[in-house]
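K.L.:
Generate coordinates for the sequence data below:
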Amino acid sequence: MTQIKLNGKVALVTGANSGIGAVTARELALQGYHVFLACRDADKAQQVINAIDQQSRGQAKAEFIALDLASLDSIRACAAQFLAKKLPLHLLICNAGLAGHKGMTKSGFELTFGVCHVGHFLLTQLLTEKLIESKPARVVVVSSKAHRHAKGIDFDAVIRPTESMGALKEYAVAKLANVLFVKELGRRLYGTGVTAYAVHPGVVSTNVWRSLPKPMVKVLSRWMISPEEGAQTTLYCATQPQLSGETGMYYDNCKVTASSGTAQDIQLARLLWEKSSEWVKY
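P.N.:
Presented below is the predicted three-dimensional model:
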């Protein structure tokens, strides 16, 4: 094992208790970041922290912070708890997500859209001032190639319970929202020292698919990659120095890739931002 040299940088990773989030948190911690694992399940997060501690022989810094992206109150509490620590924030990795779940969030949004977009939108807003203060800083949002299946956003549908079979239509809309959010975030924060990146991790074998029918998961699994492989584009956008001048773009397989035409709609990106601000009252 090589000696870990703490780099003085702080990262917060949502959904870091499993899958690519856990890999992302581990790799950043082993690179010297002080990493906060922001997730619902404290026990699972502790298992990841224990593994980081073991792998680094106690040299890495990783800790749990409670976050339920389905609850705006929980998001506000998470941000307040982090800010109370008086630490900088150099990396915000909006990684948490779900697919195939049906219903509503505690705060009144279609479940997938509420967790994947609205929750991350509010968290980013609450931490933006700290990111700017800590510049250079980055926001990386895990989206998906599935955004290409969404031809727009029905702003009435996203405040109703899931309607489609398997909730995959809603998943595509949520992932489209991720790309549009990054586009508008990059525009709004241009010149502040904070840059934003949307990534497609690949079709990754994680528990994000746990609510889909088993036969569907079996078919999908033929094309799935490991969480280690899936985390590579996130880590690339989070850490590569040559990306410091890029912002608001979409990445696949560690390179800039054209997102869908709908995801490049500047007016839709602005409208989504305005609606999101109204919803979260920020």
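K.L.:
If you tally nearby residues, what's the number for Val10?
P.N.:
22 (other CB atoms under 10 Å). All C-beta spots, glycine's among them, are computed from the backbone N, C-alpha and C.
K.L.:
Leu83 versus that one, what's the distance?
P.N.:
As judged by CB to CB, to the nearest Å, Val10 and Leu83 stand 12 Å apart.
K.L.:
now Lys183
P.N.:
Relative to Leu83, Lys183 is positioned 26 Å away (CB to CB).
K.L.:
the more surrounded of those two?
P.N.:
Using other CB under 10 Å as the criterion, Lys183 and Leu83 rank with Lys183 on top: 26 against 14.
K.L.:
For that one, give me the pLDDT.
P.N.:
Lys183 is assigned 98 on the pLDDT scale.
K.L.:
With Val208 instead?
P.N.:
For Val208, the model assigns a pLDDT of 52.
K.L.:
quick one: which helix or strand includes the residue nearest to Leu243 when sequence neighbours are not counted?
P.N.:
Of all residues not flanking Leu243 in the chain, Cys237 sits nearest, at 6.2 Å (CB to CB, 6 or more residues apart in numbering). Per DSSP states H and E, Cys237 falls inside helix 232-239.
K.L.:
quick one: the helices in the stretch 101-250 of the chain?
P.N.:
In the stretch 101-250 of the chain, the segments counted as helices under DSSP state H, counting those that start in this stretch are 111-113, 119-133, 168-188, 214-220, 227-230, 232-239.
K.L.:
need the contact list for the nearest residue to His117 once chain neighbours are set aside.
P.N.:
Leaving aside its sequence neighbours, His117 sits nearest to Ala177 (CB to CB, 6+ apart; 3.9 Å). Going by CB atoms under 8 Å, 6 or more residues apart in numbering, Ala177 touches Phe113, Cys116, His117, Ile153, Leu272.
K.L.:
again, but for Val118
P.N.:
Leu72, Thr105, Ser107, Phe109, Ser276, Trp279, Val280.
K.L.:
Any idea how many residues pack against the second one?
P.N.:
Thr105: 19 surrounding residues under other CB under 10 Å.
K.L.:
Report pLDDT for it.
P.N.:
Note for Thr105: predicted pLDDT of 97.
K.L.:
Kindly report the same for the fifth one.
P.N.:
Each residue has a pLDDT score; the one for Ser276 is 98.
K.L.:
about what we covered before: of the helices of the stretch 101-250 of the chain, which approaches Asn95 most closely?
P.N.:
Checking the helices of the stretch 101-250 of the chain against Asn95 by CB to CB gives helix 232-239 as the closest, at 6.8 Å.
K.L.:
ok, and for the closest one, which residues are buried?
P.N.:
Neighbour counts over helix 232-239 (16 or more other CB atoms under 10 Å) mark Gln232, Thr233, Thr234, Leu235, Tyr236, Cys237, Ala238, Thr239 as buried.
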